[in-house]
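**Student:** Can you look at this prediction? I've put the sequence above it.
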Amino acid sequence: MRRTLPKKTKVGHAGTLDPFATGLLLVLVGRATRAQQFLMALPKTYRAVARLGWVSTTGDPEGELSETGRIADDPQMPTGDLMQRPHAYSAVKVGGRRAYDIAREGEAPELAERPVTVYRAERLAFDGERAEFEIECSAGTYVRQLVAGLGDAYCEALERTAIGPFRLADADPERVVPLADALAFLPERVLDEAEAQAVAHGRRVAGAIDGPTRLMAAGELLAIGRPRDGEIQPDVVFAQ
């Protein structure tokens with residue numbers, strides 16, 4: 001995308017995929033790169049195929065594979081709030097270095113557990129050797145680790161089918177979604193003319209909001225605001 005746009009155009013993303021995975025990727029262009037934190041935090045939905053009776057050093061098809069033949073009779077994934085330790089072959093930074101770089105050098109990176117939430121984990125198919133799941137989970141959840149929790153298993157295929165309200169079925173590299181529409185999952189606060197002038201210059205305005213909120217004027221997205229000391233603080237300003 002960067003190569004197709006004018007030079008110096010800012011281009012970012014809202015969460016990459018593992019090399020073996022496929023599916024939905026949100027590409028952020030221009031001012032939209034400032035909204036990365038809000039899009040990154042959205043829940044994700046995946047289709048995952050677990051190969052049972054095998055293990056992988058990386059938790060996916062790119063690692064060293066070993067057949068064990070041990071298969072759970074009724075493989076199911078847990079749901080709810082969980083503590084999860086990222087895989088050694090993950091992009092998590094340890095002491096300023098990526099965990100997978102440390103692991104590839106033969107060392108064992110020390111990775112702390114982190115809270116994640118699995119909202120839904122529906123088993124779609126099970127033939128004795130493979131089980132397919134549809135998983136809806138919080139940002140930061142490692143599906144490879146969920147699959148590893150099935151016992152001797154690794155994630156053979158992974159497809160991201162949704163990021164918050166965005167669906168893979170609607171994906172189109174030629175489609176550009178206006179920023180105000182892309183952030184429509186956030187609540188909206190309409191500003192009057194004086195408030196719009198203040199927000200455009202990064203100044204607080206009176207009012208109460210519960211969390212990140214789109215600050216709009218005349219149909220234009222001026223900023224994302226957050227509550228602060230009983231007022232609305234423009235956190236990310238988009239107005240030129």
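**Tutor:** Arrived safely.
**Student:** Map the structural domains onto the sequence of the protein.
**Tutor:** For the chain, automatic domain parsing gives the domain ranges 12-167, 186-237.
**Student:** Quick one: residues contacting Ala103.
**Tutor:** Counting by CB atoms under 8 Å, 6 or more residues apart in numbering, Ala103 touches Ala88, Tyr89, Pro109. In short, each C-beta sits where N, CA and C put it, glycine included.
**Student:** Just put these in CSV and tack on neighbour count.
**Tutor:** Below are these laid out as CSV (neighbours: other CB atoms under 10 Å):
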residue, neighbour count
Ala88, 20
Tyr89, 22
Pro109, 21
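**Student:** May I ask which helix or strand encompasses the residue of the chain most remote from its centre?
**Tutor:** Taking CA atoms, centre = their mean, the residue of the chain most remote from its mean C-alpha position is Ala194, at 36.4 Å. Per DSSP states H and E, Ala194 falls inside helix 193-200.
**Student:** quick one: buried residues of that helix?
**Tutor:** Of all the residues in helix 193-200, those buried under the rule 16 or more other CB atoms under 10 Å are Glu195, Ala196, Ala198, Val199, Ala200.
**Student:** which is the next helix or strand following it?
**Tutor:** Next helix or strand after helix 193-200 toward the C-terminus (DSSP H and E): strand 205-206.
**Student:** Residues in contact with that next one: which ones?
**Tutor:** Residues from elsewhere that reach strand 205-206 (CB under 8 Å, 6+ apart): Leu191, Glu195, Ala198, Val199, Glu231, Ile232.
**Student:** Now tabulate those in JSON lines and tack on distance to Ala139 and pLDDT.
**Tutor:** Shown next, in JSON lines, are the contacts of strand 205-206 (distance: CB to CB, whole Å; pLDDT from 0 to 100):
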{"residue": "Leu191", "distance to Ala139": "29", "pLDDT": "96"}
{"residue": "Glu195", "distance to Ala139": "31", "pLDDT": "96"}
{"residue": "Ala198", "distance to Ala139": "32", "pLDDT": "96"}
{"residue": "Val199", "distance to Ala139": "27", "pLDDT": "96"}
{"residue": "Glu231", "distance to Ala139": "28", "pLDDT": "95"}
{"residue": "Ile232", "distance to Ala139": "25", "pLDDT": "96"}
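**Student:** Between which two of the residues you listed is the distance greatest?
**Tutor:** Across the contacts of strand 205-206, no pair lies farther apart than Leu191 and Glu231, at 13.1 Å, counting by CB to CB.
**Student:** what about the two, which has more around it?
**Tutor:** Ranked by neighbour count (other CB atoms under 10 Å), Leu191 and Glu231 place Leu191 first, with 22 against 15.
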